[in-house]
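*Asks:* Predicted model follows, preceded by the sequence.
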There are 2 protein chains.
Amino acid sequence: MSSSVPTSVDPGKLREVMDGRWAHIRRDARENLRDPDFLPVYGETMQEARERVTRAAKKLADSGRVGLGFPKEFGGEADSGASVISIEMLAFGDLSLMVKAGVQWGLFGGALELLGTRRHHEEYLRDVMSFDLPGCFAMTETGHGSDVQQLRTTCTYDPATECFDLHTPHQAARKDYIGNAAEDGRLAVVFAQLITQGKNHGVHAWLVPIRNGDGSPCEGVTIGDDGPKAGLPGVDNGRLTFDHVQVPRDMLLDRYGQVAADGTYTSSIENETRRFFTMLGTLVRGRVSVGGSASSATKMALDIAVRYGDVRRQFAAPGEDREIVINDYLVHQRKLLPALARTYALHFAQNTLVETMHDVQTAVHVHGEQIDEEAQRELESRAAGLKVAQTAHATATIQMCREACGGAGYLQENRLPHLKADTDVFTTFEGDNTVLLQLVAKGLLTGYRDAFGSLEGWGKVGFIADMVRETVLERTAARALIARLVDAVPGVDDVPMLERGWQLKMFEFREKHALEGAIRRLRKNSTTDGMAPFDMFNDVQDHVLKTAQTHIDRVVLEAFVAGVDRTEDPAAKVLLDTVCDLYALSTIEADKAWFLEHGQLTAARAKLLTATVNQLLKELRPHLITLVDGFAIPAEWKAARILEEEADRQEAMAARDAELRTQNGEDTPQGTATDLEVAPAQ
Amino acid sequence: MSSSVPTSVDPGKLREVMDGRWAHIRRDARENLRDPDFLPVYGETMQEARERVTRAAKKLADSGRVGLGFPKEFGGEADSGASVISIEMLAFGDLSLMVKAGVQWGLFGGALELLGTRRHHEEYLRDVMSFDLPGCFAMTETGHGSDVQQLRTTCTYDPATECFDLHTPHQAARKDYIGNAAEDGRLAVVFAQLITQGKNHGVHAWLVPIRNGDGSPCEGVTIGDDGPKAGLPGVDNGRLTFDHVQVPRDMLLDRYGQVAADGTYTSSIENETRRFFTMLGTLVRGRVSVGGSASSATKMALDIAVRYGDVRRQFAAPGEDREIVINDYLVHQRKLLPALARTYALHFAQNTLVETMHDVQTAVHVHGEQIDEEAQRELESRAAGLKVAQTAHATATIQMCREACGGAGYLQENRLPHLKADTDVFTTFEGDNTVLLQLVAKGLLTGYRDAFGSLEGWGKVGFIADMVRETVLERTAARALIARLVDAVPGVDDVPMLERGWQLKMFEFREKHALEGAIRRLRKNSTTDGMAPFDMFNDVQDHVLKTAQTHIDRVVLEAFVAGVDRTEDPAAKVLLDTVCDLYALSTIEADKAWFLEHGQLTAARAKLLTATVNQLLKELRPHLITLVDGFAIPAEWKAARILEEEADRQEAMAARDAELRTQNGEDTPQGTATDLEVAPAQ
């Protein structure tokens, strides 16, 4: 619950609490990441963009900012968290460069490091880090994107030659959308079904040269170009087809599965499915980076739209001479402020996720500890969930910001078109959001599922409500704080809505109830005669995905609450507390029907909820600029002409207005904010 | 209420009822609009796109398809409706061409015809129609978009020279986003404040030469280029600044206001505000065309996503060998089918709107009748409302379709990126959607407002519920049919949800209640001491816009209901009836919270509503392809490679699958639809 927000809040204090554990990385980027090649350029052809971004990637490598996640002995910092934060900062610049960097040092370099072994590192890592060896992460196939286990490319071992035969059996199995493939890539990490001694051991990865020194494709490799895309013109996405390419045995990235000279397969992880998921699990960093980058782009869009809305005027106030600044309109605030609140919430959640990821990965890859499977599974679920939340929020918010800037928002020179087009693929790459939501849901249902091994077994499970309670709660790091806040409110009925405990209870109740309902319905379906197993699941799919969504919302709220709690500056704390109220209440408001349906809101309280949200908008309106200042985006990074021009323009116009009025007759028509007519335009 | 849908429905029968009054125009376009220059080209530079589109515009002019709306004596057909339908059909092709045509023949040519008089027509119309005289519609200014009355450009008459002095007083008054300005335009219709004899008579329009024969700017005219935009690369949007440009007296488009040689101003419409709105009102066709074009683009996107989803497979069914076609997933259906249903609904509403527009405009401009002000006002409100509905639906639906196609949806070769980027400006041009919603709301509140002249008077108005009832009902052409259906259901409580009368009642109730609430709250604010007039309004802005939204929803539903009623083929009728159910119920479902809050749904019925929508999805699933076939888009227009390739690819993959399985060992991991893992990708 917020007390009233002080008139003036120092945005530097917001920045301090938001910068978190890797503040030094953020600071360094703000101060030193200043090459114009790192900023978007408007009106480039695809070829120009590709060339600039390739050049920029090399400069970035030279700056030493790309090695943070790699082992120290190869010149890195072995700092997994820093590598993600570094990508998040890069995402304030040209997103093509961010994705190119993500491909080279995150996906390609990361797979080489994490799936490969010492000989691979020694041979290649330095050149990967310096960008002297540009590479690809060749997993996705045209016919199989999110379903990696079903990849159709095969890699079959022949003891006679001690080589694998890498082959694309048909066009649907060609590797597609592969970054660095169309132009720069020389080596690729290729994922395929490993077959040896007549048996398929599932998906593994190999290092495969795809281009010779002169740029020509290697023997048996056909390289296609995905051509122009919606955005990311600087990333050379392409297609790879392999026609019985011979891959030497030692090019198998063999940390999790080895093939001896005679073709004998060995692995420290006997169960094939577990092995597969372990391999994929090491690659979680890419997903965390995409989510964080989506949030950076969202902040940039909000920064532009909020500043523009604070000077742009439209329609005169009735009975007054002044024209209204568009940020003063309730409906404009309804667009900007809940989006801002959610952006803050996601920022804190992302910080928490990066910390968790860093700790889990450091334990295994730096300190050599055993994988803590439960922690790893939770990390993957969180990463999936937050990637969904951040990328969906980016898509919606950048679209809203572009519309909030009217015609100016449609011009490339004002950046929003690039932000929209470049981030648009984020909702479907690094895992399609719908599929990822399902992954999150699966995690929530795991306790039930594991005991029975398959969906068909569900019918026999005795439904135990307490287990659900346990599954849902006991999750985020802030649990003691959350429990205290929840326990402070008696129920849900007559509690003030600005009471944090009430908000938390509402989020918790919804998640638990959704999960219980999903389980109940799955169970019912599994006992329905004649229902095909697919239909048992499909019938409940919307409900299952909702469960995941409610879970993510709660995790995000708890992270935000913990972030507010950590804030030291009193004024900043009150402001953040109010923003947190807005996140919580606008999230509940967006799903008001559910809370009404399930008896958690009466009709009267539902109306009060809307009134309370509107009240919060009023309280936060004076702090709009402070809230975008809190993102601490250096002015040189913004590359939006309206931010440079608009202030001057408005000043000139105001001066001219007085003049024009003197010229006008008495009955000059004056459009007012309540008396609207609208221009056709082109 | 629908009976069960027959197994097979002839899409030709759907097309028949959808084609409506201008079926011959649609047929002609489908058969003859085949120039490859009319289709989008992927990977063009802005310059290439501009050149192609200029070439295409000339070809279009030569085809004779652009004159439909112009007077017969200049070679046109004086068929206002046909001109809009013709633009809708063009919008299945390259949207840059549609917008370029809209600028040349809709806005520029339309203003010249409708605001000008005989001498302007005789001098210019033929060259406008042939595209030998490309022109601009220069209304919007950098500082004033939707608020046309506030334009800052001045045009001051000097009897000594018998010329107007056209002047841009400051940068915020420059004309901006003007199509045809950056390269092609030679003449412009320029909107400015008319000042004569020291008095401002409000906004009028002039014909102003902006480029000489050699392409150089005319004296005093500065031309800027808006440069690359999010989309529409083929449209050369630019900026015009006038430095005391001398405009001869007879270049004033003087149908509604004349200036005599001595500077005396005359007009047949004395009231300045009424004159202004009358002038703007003649230009409604542009808004109707944008809405219709948005719907064409939406149909194209749905056609692509639905066909792709019918062959693309993802994850195996549990316990089975087959992989699931993505259209079979409930959540995918939840995305595609309500969007399809709304697209159908909007199609019928647009047809009705075009008919109304045609009849109103033909009466005045062809038969020379007096303007029926009430009919004109209703037309403008409908045009504004449907433009909002169609463009907002296009933005949301094309985005959804792009995501539904995954990585393939991000490649330009599959068209969705162009559809998204090109239509993105539709929500803010031809009137910003938020401002247009307010215009619609104003129309609904008009009965109250007119009696008191200003918002401040509201406090004194006695609130009469019956007047509201009258305002809300008695509106669409289908009123008798609607009344019959509504009267057939007794209440709202125990009525089956597939009863059409119940659906209509819910829409009606919501609209009336929202309107009454807005009035009540405005009235209360107007009696609140110390509340500034702007705040009286702003406090209720969200509520006022909701009123407009609910009104549009009802108008659309009634048009759909009438369309179903007109359908003759019994199978097509049942299918459309079911689609209409889905439109109605998914619209109610999207605003379920409101109906719960206002006692129109119990919690139990709210849950039943969701179940009923899911049931409709199941019923309509087998007809997905038929429903996009009903749009009757010629295959050559689609320009999406996935539609050509996907079928072949899936066939090859299925064949290969059997082979691969034979090679695999027993315990091959098989991803299933309920056991998901997801690939990182780039």
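*Replies:* Yep, that arrived.
*Asks:* CA atoms for contacts and neighbours, from now on please.
*Replies:* OK.
*Asks:* what sits against A:Leu107?
*Replies:* A:Cys136, A:Phe137, A:Leu283, A:Gly286 (CA atoms under 8 Å, 6 or more residues apart in numbering or on different chains).
*Asks:* Can you flag which of the residues you listed belong to helices?
*Replies:* A:Gly286 (DSSP state H).
*Asks:* and the stretch 401-550 of chain A, which of its residues are near chain B?
*Replies:* Within the stretch 401-550 of chain A, the positions adjacent to chain B are A:403, A:406-407, A:410-413, A:417-418, A:424-425, A:427-432, A:435-436, A:438-439, A:442, A:455, A:533-534, A:537-539, A:541-542 by CA under 8 Å from any CA of the partner chain.
*Asks:* May I see the PyMOL selection of the buried members of the residues you listed?
*Replies:* Remark: buried members of these, expressed as a PyMOL selection using 16 or more other CA atoms under 10 Å in any protein chain shown:
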select buried, chain A and resi 403+406+407+410+411+412+413+417+418+424+425+427+428+429+430+431+432+435+436+438+439+442+455+533+534+537+538+539+541+542
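*Asks:* can you give me the helices for the stretch 301-450 of chain A?
*Replies:* All helices of the stretch 301-450 of chain A, identified by DSSP state H, counting those that start in this stretch, fall at A:330-361, A:373-404, A:416-423, A:433-450.
*Asks:* Next, the buried residues of the last one.
*Replies:* By neighbour count, with 16+ other CA under 10 Å as the criterion, the buried positions of helix A:433-450 are A:433-445, A:448-449.
*Asks:* helices or strands next to the host helix or strand of A:Ala518 in the packing?
*Replies:* Applying DSSP states H and E as the criterion places A:Ala518 in helix A:500-526. Packing partners of helix A:500-526 (3 or more CA pairs under 8 Å, 6 or more residues apart in numbering or on different chains; DSSP states H and E): helix A:433-450, helix A:465-472, helix A:479-487, helix A:533-538, helix A:541-566, helix A:570-590.
*Asks:* Excluding sequence neighbours, find me the nearest residue to the residue in the stretch 451-600 of chain A positioned nearest to chain B.
*Replies:* In the stretch 451-600 of chain A, the residue that lies nearest chain B is A:Ala593 (3.9 Å; CA to the nearest CA). Residue nearest to A:Ala593 in three dimensions, not counting chain neighbours: B:Ala593, with 3.9 Å by CA to CA, 6 or more residues apart in numbering or on different chains.
*Asks:* What of A:Lys573?
*Replies:* A:Lys573 sits nearest to A:Thr567 (CA to CA, 6+ apart), 5.5 Å away.
*Asks:* With A:Gln438 instead?
*Replies:* A:Leu545 (6.0 Å).
*Asks:* thinking the one you found is in contact with A:Leu436, fair?
*Replies:* No - contact criterion CA atoms under 8 Å: A:Leu545 and A:Leu436 do not qualify, at 9.4 Å.
*Asks:* and stretch A:184-200, anywhere near chain B?
*Replies:* Yes - Stretch A:184-200 lies within reach of chain B by CA under 8 Å from any CA, at A:Ile195, A:Gly198, A:Lys199, A:Asn200.
*Asks:* So what's the residue count around A:Gly93?
*Replies:* For A:Gly93, the neighbour count with other CA atoms under 10 Å in any protein chain shown is 26.
*Asks:* Tell me the bridge partners for A:Ala205.
*Replies:* Going by DSSP bridges, A:Ala205 is paired in beta bridges with A:Phe191.
*Asks:* wait, I meant A:Glu141
*Replies:* A:Lys175.
*Asks:* One more: A:Leu252?
*Replies:* A:Trp206.
*Asks:* still on that earlier bit, next, the angle helix A:570-590 makes with the helix holding A:Ala518.
*Replies:* 30 degrees (axes from the mean of the first three to the mean of the last three CA atoms, to 10 degrees).
*Asks:* Give me the buried positions along helix A:500-526.
*Replies:* For helix A:500-526, using 16+ other CA under 10 Å, the buried residues are A:500-519, A:521-523, A:525-526.
*Asks:* picking that back up, pLDDT score assigned to the residue nearest to A:Gln438?
*Replies:* If you check A:Leu545, the pLDDT there is 95.
*Asks:* Please name the nearest non-neighbouring residue to the residue nearest the centre of chain A.
*Replies:* Centroid-nearest residue in chain A: A:Gly291, 1.6 Å away (criterion: CA atoms, centre = their mean). Once flanking residues are discounted, A:Gly291 sits nearest to A:Lys387: 4.3 Å by CA to CA, 6+ apart.
*Asks:* ok now do that neighbour, which residues does it touch?
*Replies:* Counting by CA under 8 Å, 6+ apart, A:Lys387 makes contact with A:Arg287, A:Val288, A:Val290, A:Gly291, A:Gly292, A:Asn433.
*Asks:* Number of residues surrounding the residue of the stretch 151-300 of chain A found nearest chain B?
*Replies:* With CA to the nearest CA, the shortest gap between the stretch 151-300 of chain A and chain B falls at A:Lys229, namely 4.3 Å. A:Lys229: 28 surrounding residues under other CA under 10 Å.
*Asks:* One more: A:Glu77?
*Replies:* 16.
*Asks:* quick one: A:Gln246 is in a helix?
*Replies:* No - counting by DSSP: H, G, I helix; E, B strand; the rest coil, A:Gln246 is not found in a helix; it is strand.
*Asks:* Many thanks, I have nothing further to ask.
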